[in-house]
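In: structure for this input, please:
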Amino acid sequence: MFVSFEGIEGAGKSTVMETLAAYLTAHGLDPVLTREPGGCALGRSLRSLLLDARIRGLSSRAELFLFLADRAQHVAEVVRPALEAGQIVLCDRYTDSTLAYQGYGRGLDTEYLRRLNDAATGGLAPDLTLLLDLPVRCGLGRAGERNRNKGLLVSEGRFDNESLDFHERVRRGYRALAEEEPERFAIIDAAQPPEDVALQCRSALEAHLSRRGKGLE
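Out: Below is the predicted model of the structure:
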């Protein structure tokens, strides 16, 4: 099973993903936690370029193809082998991020992006996508605090530094994607306390597994 976690900056994807992984482990499963960009060796190098606030003037298409290069290698090296081995893969960002950020945010054609995503992944789509949704100002405030606490004011703030309008377009894009595929997406109110967010994500996962006839023991 392949589960992706999506949302604007500061939505809390990494935190809830780790909580969900602990829950699955407690039920005797061995989930793989990964992320984009940075889920493989190539991706870690690309991540430093894509998220570094000191990188200026990167064109939308250059940005796009760097993300796609990371994704192609990540799927080949990490995601697909884990799925073929029968493991549950939990991924912080995947193809929907490209549609939301480079499509709705940057204004690139979304159908073009879908074709490129399919080419990069070999058509591999998540079984379930947990969309952590919250107001943009709230998310950016959290992201800024996170970066300050981790000393990342310079190194990983490139998207945080985009305009408020950009982030609003990204949020609207995510919600539009969720409306297009309601069977795959579960929208989670990420403005709630972390424990409530985690509980809703767990409930969404359990409901999805139940529909597939694979409830947790």
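In: now Leu64: how far from Tyr101?
Out: Distance of Leu64 to Tyr101, given as CB to CB, to the nearest Å: 9 Å. (Glycine included, C-beta is placed from N, CA and C.)
In: which of these two has more neighbours?
Out: Tyr101 (26 against 19; other CB atoms under 10 Å).
In: who are the contact partners of that one?
Out: Neighbouring residues of Tyr101 by CB atoms under 8 Å, 6 or more residues apart in numbering: Phe159, Val170, Gly173.
In: export the residues you listed to TSV and tack on distance to Gly57?
Out: Formatted as TSV, these follow (distance: CB to CB, whole Å):
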residue	distance to Gly57
Phe159	15
Val170	21
Gly173	24
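In: out of those residues, which is nearest to Ala53?
Out: Phe159 (8.9 Å; CB to CB).
In: which secondary structure state does the nearest residue to that closest one once chain neighbours are set aside sit in?
Out: Leaving aside its chain neighbours, Phe159 sits nearest to Glu9 (5.9 Å; criterion: CB to CB, 6 or more residues apart in numbering). The local conformation at Glu9, judged by DSSP: H, G, I helix; E, B strand; the rest coil, is coil.
In: relative to His167, how far out is Glu9?
Out: 7 Å.
In: give the residues shared as contacts by the two.
Out: Gly139, Leu140.
In: what segments of this protein are strands?
Out: 2-7, 32-35, 89-92, 128-133, 185-189 (DSSP state E).
In: would a markdown table of these with distance to Arg114 be doable?
Out: What follows is those, written out as a markdown table (distance: least, CB to CB, whole Å):
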| stretch | distance to Arg114 |
| --- | --- |
| strand 2-7 | 15 |
| strand 32-35 | 21 |
| strand 89-92 | 18 |
| strand 128-133 | 15 |
| strand 185-189 | 16 |
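In: reformat those as TSV; add mean neighbour count and mean pLDDT.
Out: Output for the strands of the chain, formatted as TSV (neighbours: other CB atoms under 10 Å; pLDDT from 0 to 100):
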stretch	mean neighbour count	mean pLDDT
strand 2-7	25	97
strand 32-35	18	97
strand 89-92	24	98
strand 128-133	24	97
strand 185-189	19	97
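In: do you know which of those lies nearest Asn117?
Out: Closest approach to Asn117 among these (CB to CB): strand 2-7, 12.1 Å.
In: got the contact list for the closest one?
Out: 13, 16-17, 20, 79, 83, 88-97, 100, 124-134, 139, 174, 190, 205.
In: partner strands of it and their direction?
Out: strand 89-92 (parallel), strand 128-133 (parallel) (DSSP bridges).
In: could you give the angle of that strand to strand 185-189?
Out: Interaxial angle, strand 2-7 versus strand 185-189 (axes from the mean of the first three to the mean of the last three CA atoms, to 10 degrees): 40 degrees.
In: residue closest to the middle of this structure?
Out: Arg93 (1.7 Å; CA atoms, centre = their mean).
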